[in-house]
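K.L.:
Based on what follows, work out the 3D shape:
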Amino acid sequence: MAYVITQRCCNDASCVPECPVDCIRPTPEQREFATTEQLYIDPDTCIDCGACVDACPVDAIFSEDDLTASLARFRDINAAYFQRHPLESNFEPLVAPTRAPKELGTLRVAIVGAGPAACYAAEELLRRADVEVELFDRLPTPYGLVRAGV
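P.N.:
As a prediction, the model looks like this:
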């Protein structure tokens, strides 16, 4: 499922900077922006986050699944735009991190936040290298950061 921009689009581009994967075109920096009838979302790149929906001032963006019969043709219109103007990928593939040289000694890492993501990060660090990890949680106290300790 992807999001689709429909004919109601006012072409003000307020949705463009909200897209975390940069899949809305044309952007104001592109030459064709001045003459396009509307903006378009690449269905193959869209991650279905809905950030563009909240940013649209005229409610022109719909989930593919929520398109009415009269708006369903815009699914194909959006896809056709990207067949003519494919997105250029500027993303570099992730590279597995290398281990720090032993001669540097123990790596000391502080993680602020003690939620699940912090615990997963600490677990991964401890599994991969000679690391000393400290978790800190922001508690609503006059003392600021409070050490949770690992």
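K.L.:
dump the residue contacts of residue 6.
P.N.:
38, 60-62, 67, 71, 74 (Cβ atoms under 8 Å, 6 or more residues apart in numbering). For glycine as for every other residue, the C-beta is placed from the backbone atoms N, C-alpha and C.
K.L.:
typo on my end, residue 42
P.N.:
Residue 42 touches 2, 23-25, 78, 82, 87, counting by Cβ under 8 Å, 6+ apart.
K.L.:
Do you have the strands of the protein handy? List them.
P.N.:
For the chain, the strands defined by DSSP state E occupy 3-5, 24-25, 40-41, 61-63, 107-112, 131-138, 145-147.
K.L.:
Can you add distance to residue 47, mean pLDDT and mean neighbour count and give these back as CSV?
P.N.:
Below are the strands of the chain laid out as CSV (distance: least, Cβ to Cβ, whole Å; pLDDT from 0 to 100; neighbours: other Cβ atoms under 10 Å):
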stretch, distance to residue 47, mean pLDDT, mean neighbour count
strand 3-5, 10, 97, 25
strand 24-25, 12, 96, 24
strand 40-41, 11, 97, 24
strand 61-63, 13, 97, 19
strand 107-112, 26, 86, 13
strand 131-138, 29, 82, 15
strand 145-147, 33, 52, 12
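K.L.:
Can you add distance to residue 32 and give these back as CSV?
P.N.:
Formatted as CSV, the strands of the chain follow (distance: least, Cβ to Cβ, whole Å):
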stretch, distance to residue 32
strand 3-5, 15
strand 24-25, 8
strand 40-41, 11
strand 61-63, 20
strand 107-112, 44
strand 131-138, 46
strand 145-147, 50
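K.L.:
Okay, and which of the contacts of residue 42 map to helices?
P.N.:
Counted as lying in helices by DSSP state H, out of these, are 78, 82.
K.L.:
In PyMOL, select just the buried ones from the contacts of residue 42.
P.N.:
Buried members of the contacts of residue 42, defined by 16 or more other Cβ atoms under 10 Å, are picked up in PyMOL with:
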select buried, resi 2+23+24+25+78+82
